[in-house]
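return atomic coordinates for the entry below.
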Amino acid sequence: MDSISHLLKKLGFTDFKPGQREIVEDVLKKKDVVALMPTGGGKSLCYQLSGYLLEGHVVIVSPLLSLMEDQVQQMKSKGEKNVIAINSFLSFHEKEKLLHADLSRFKFIFISPEMLQVRRWLRKLQGLTVGLFVVDEAHCVSQWGHDFRTDYLKLGEVRDKLGKPPCLALTATATDSVIKDIKKYLHLESSMEHINSIDRPNIAYQVEHFQNNHEKRERLLEIVKHFRSPGIVYFSSRTKAEQISHYLEEQGVDRIAFYHAGLAQEQRILIQQQFLLGQLDVICCTSAFGMGINKADVRFVIHYHQPTQLESYVQEIGRAGRDGGKSIAVLLKSAEDLMLPQLLIEHELPDDAFVSAVLTELVNKWRVIESLTDEMMTDLEVRFQATETHWRYLTYHLTSFIGNNGPLTEINLELCAAFLQKQIQLRTSAKQEKLRSFDSWTFGSGCRRRGILTYFGEEAGPPIINCCDHCGLELEDYSIREEKRKSITGDASSWKQLLAKILVQED
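Reported below is the predicted structural model:
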């Protein structure tokens with residue numbers, strides 16, 4: 001059976017979206033593939049269809065637990081029973097049960113990169129014949145990517161231990177340097193590249209500047225009441241997401257909720273499902289929401305706070321208009337919040353004092369550290385309060401130092417501290433440069449779309465209607481009133497078309 005027949009039978013589609021067929025064809029030739037596709041471009045179809053046509057199991061690595069769970073549920077809803085997700089959402093009892101179960105009955109195995117570092121899970125997968133190794137959100141492998149994850153750097157070794165199956169690396173936002181890192185760390189020696197345009201012509205860009213947060217809050221209320229829903233409003237702060245959600249609700253905005261990683265798992269799942277089913281119109285959230293939400297009809301994405309880099313912004317606004325319908329992305333920028341992205345960058349990684357204190361504690365207690373054990377890490381986490389990101393970053397580079405310089409002792413303590421502090425400084429400097437580029441885009445007077453495409457090494461296409469606030473943008477086209485007008489007149493794009501339609505009916 002050819003790929004088109006399987007496309008209809010297994011996935012319910014009659015044809016491919018741009019770029020999908022070429023990716024699938026190369027995967028079926030058992031070639032390694034790096035694919036850049038815009039958000040909503042249909043990345044999951046590429047590995048699902050390939051999986052049905054290839055022998056062996058498909059292992060899909062994803063850093064986003066909500067995305068993983070959502071994809072598993074979608075596959076099950078379409079009749080695929082041989083799919084499972086292995087991640088921290090599973091209880092201890094569920095994990096133990098799976099470790100003693102026969103995984104060979106599952107065709108598609110979703111797993112988080114952290115779980116692949118657990119020897120028992122890796123050994124379990126080594127007992128299977130893996131026909132395709134998929135790395136979703138592959139930009140996480142690059143230290144210069146917008147969502148660097150240290151566990152991603154080990155995926156090349158994991159793939160080798162699984163028999164080096166063909167690899168499909170997928171991402172929606174990656175510069176040339178990030179793509180080079182993807183190939184390097186995933187051990188892709190002669191991979192095929194499918195670099196599709198990140199442009200989403202159906203999404204318009206609008207940036208608005210304010211003197212203070214009061215003005216910005218009032219403008220947000222106006223937009224949410226005025227624009228067609230559903231929509232997503234992004235914040236950098238959990239507290240602010242809750243506060244603004246309550247404020248909008250008090251001002252008469254119905255069917256609204258807030259979402260962030262601090263909520264209980266059951267509550268997060270409930271809010272996601274309510275939004276997917278159309279029971280909620282507006283979600284006020286942090287970046288924890290959205291990446292796992294396959295909702296085709298999101299009409300607007302508003303950023304109440306500016307992300308720290310353009311890659312994150314493009315990924316998040318990509319939640320809009322996945323159905324190809326007219327959508328808009330609005331960035332609200334207040335002078336009072338100008339320093340917020342810089343503060344987020346400075347607090348992303350541990351500071352010099354924290355690094356020195358952790359290393360001193362290690363040497364004082366264990367004298368000679370040949371490797372980091374679970375006992376050491378548990379002890380340090382109790383002794384020092386820090387985020388999971390801090391610990392993972394510190395653990396990765398400390399392990400790297402010991403591997404290259406021998407055991408950590410009092411003798412090389414200062415050398416190790418200087419090494420770690422340099423790595424942190426390099427990443428912080430790189431992120432600050434990305435913030436400067438993003439700021440330049442927000443204050444620039446040129447075409448917003450062209451600026452984004454240039455950043456990612458693309459050339460802009462011909463002018464489009466409703467491109468951005470600099471090129472010309474009719475906000476009324478995204479309003480509730482416009483939707484009501486269309487329900488009466490149909491989707492006629494001009495008065496001439498409408499008149500012709502009426503005359504034809506009269507004839």
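
contacts, neighbours, all on C-alpha from now
Will do.

helices of the stretch 251-400 of the chain, start to end?
Assigned by DSSP state H, counting those that start in this stretch, the helices in the stretch 251-400 of the chain fall at 265-276, 310-317, 340-348, 352-366, 374-383, 388-405.

buried by neighbour count: which residues of the helix or strand that residue 71 is a member of qualify?
For residue 71, the host element (DSSP states H and E) is helix 65-77. Within helix 65-77, the residues that count as buried by 16 or more other CA atoms under 10 Å are 65-73, 75.

elements contacting that helix?
The helices and strands touching helix 65-77, judged by 3 or more CA pairs under 8 Å, 6 or more residues apart in numbering; DSSP states H and E, are strand 83-86, strand 108-111.

which elements pack onto the helix or strand just after the first one?
For strand 83-86, the succeeding helix or strand toward the C-terminus, using DSSP H and E, is helix 92-99. Contacts of helix 92-99 with other secondary structure elements, assessed using 3+ CA pairs under 8 Å, 6+ apart, are made with helix 119-126.

mind listing what's buried along the helix it packs on?
Quick answer for helix 119-126 (16+ other CA under 10 Å): 121, 124-125.

low-confidence ranges, the protein, go.
1-2, 143-146, 290-292, 482-507 (pLDDT under 70).

longest helix in it, please.
Counting by DSSP state H, the longest helix found in the chain is helix 413-443.

C-terminal to that helix, what's the next element?
helix 448-455.

now that following helix against helix 413-443, angle please.
Here the directions of helix 448-455 and helix 413-443 differ by 150 degrees (axes from the mean of the first three to the mean of the last three CA atoms, to 10 degrees).

hmm, residue 208 is touching residue 333, no?
Yes: applying CA atoms under 8 Å, one finds residue 208 in contact with residue 333, separated by 6.0 Å.

neighbour-wise, which of these two wins?
residue 333 (22 against 14; other CA atoms under 10 Å).

chain center to stretch 218-236: distance?
Centroid displacement of stretch 218-236 relative to its chain, using CA atoms, centre = their mean, to the nearest Å, is 21 Å.

what does stretch 85-93 give?
Taking mean C-alpha positions (CA atoms, centre = their mean), stretch 85-93 and its chain are 21 Å apart.

try stretch 236-248
On the basis of CA atoms, centre = their mean, stretch 236-248 sits 22 Å off its chain's mean C-alpha point.

check which residues of it are buried.
Using 16+ other CA under 10 Å as the test for burial, stretch 236-248 gives 236-238, 240-242, 244-246, 248.

what's the answer for stretch 102-122, then?
So for stretch 102-122, counting by 16+ other CA under 10 Å, buried means 103-104, 106-116, 121.

for residue 46, give me its contacts.
By CA atoms under 8 Å, 6 or more residues apart in numbering, the contact set of residue 46 is 20-21, 23-24.

turn those into TSV, columns for neighbour count, distance to residue 260 and secondary structure.
Output for these, formatted as TSV (neighbours: other CA atoms under 10 Å; distance: CA to CA, whole Å; DSSP: H, G, I helix; E, B strand; the rest coil):
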residue	neighbour count	distance to residue 260	secondary structure
20	22	33	helix
21	17	36	helix
23	21	34	helix
24	22	35	helix
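
between those residues, which is closest to residue 401?
Among these, residue 23 lies closest to residue 401 (CA to CA), at 38.3 Å.

is it true that that closest one touches residue 37?
No: between residue 23 and residue 37 there is no contact, the gap being 10.3 Å when judged by CA under 8 Å.

leaving out the residues flanking it, which one is nearest to residue 40?
Once flanking residues are discounted, residue 40 sits nearest to residue 322: 5.1 Å by CA to CA, 6 or more residues apart in numbering.

for that neighbour, give me phi and psi.
In terms of degrees, to the nearest 10, the main-chain angles of residue 322 are phi -70, psi -20.

what is the neighbour count of it?
23.

now residue 27
For residue 27, using other CA under 10 Å, the count is 23.

does the closest residue to residue 183 other than its chain neighbours belong to a helix, a strand or coil?
Leaving aside its chain neighbours, residue 183 sits nearest to residue 189 (7.1 Å; criterion: CA to CA, 6+ apart). Three-state assignment for residue 189 (DSSP: H, G, I helix; E, B strand; the rest coil): coil.
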